[in-house]
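A.B. asks: Sequence first, predicted coordinates after that:
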Amino acid sequence: MIPSKEELIKECVFKTSRSGGKGGQNVNKVSSKVELVFNPQSSLLFTDEEKALLAERLENRLDSEGNLHIVSQEDRSQLMNKQRTVIKLSDLLAKCLQVQKKRKPTKIPKGVIKKRLDDKAVISTKKENRKKPMFD
């Protein structure tokens, strides 16, 4: 089950810093870049099975302490960047916790099998007729 954004915010740590990019003089004095730090293993929102699934699927994105870092610096306002990081986190968790259904192989219809065999027979006779006749 995916927790709500309010529950996620309670367990996240936000760090701000000066952002590059657009903004002119504003860039030099306002800390608009937001970094969200979330530790899925110490979270109370997930069961042990969900934590194991997250650890497996996020192993390339976790640092040495098991923290997940998400950064946003697209907007000029700190509040918008903070909202973007929370949205990115919830989307990432939803994607990681989604369990795919096992595929059931479908049976090949008898008509398809019969048509394939008939086509093979036609091609076989066509090639057989191309051969030179053999005299005994």
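C.D. replies: Looks like it came in fine.
A.B. asks: quick one: the helices in this structure?
C.D. replies: 5-11, 48-57, 78-97, 110-130 (DSSP state H).
A.B. asks: Can you give me the buried ones in the last one?
C.D. replies: So that's helix 110-130. With burial defined by 16 or more other Cβ atoms under 10 Å, not one residue of helix 110-130 is counted as buried. All C-beta atoms are positioned from the backbone trio N, CA, C, and that covers glycine.
A.B. asks: Likewise for the second one?
C.D. replies: By neighbour count with 16+ other Cβ under 10 Å, helix 48-57 contains the buried residues Glu50, Leu53, Leu54.
A.B. asks: who touches the closest residue to the first one other than its chain neighbours in this structure?
C.D. replies: With Cβ to Cβ, 6 or more residues apart in numbering as the measure, Leu97 is the residue that lies nearest to Glu50, at 6.0 Å, once sequence neighbours are left out. Contacts for Leu97 (Cβ atoms under 8 Å, 6 or more residues apart in numbering) come out as Met1, Ile2, Glu50, Leu53, Leu54.
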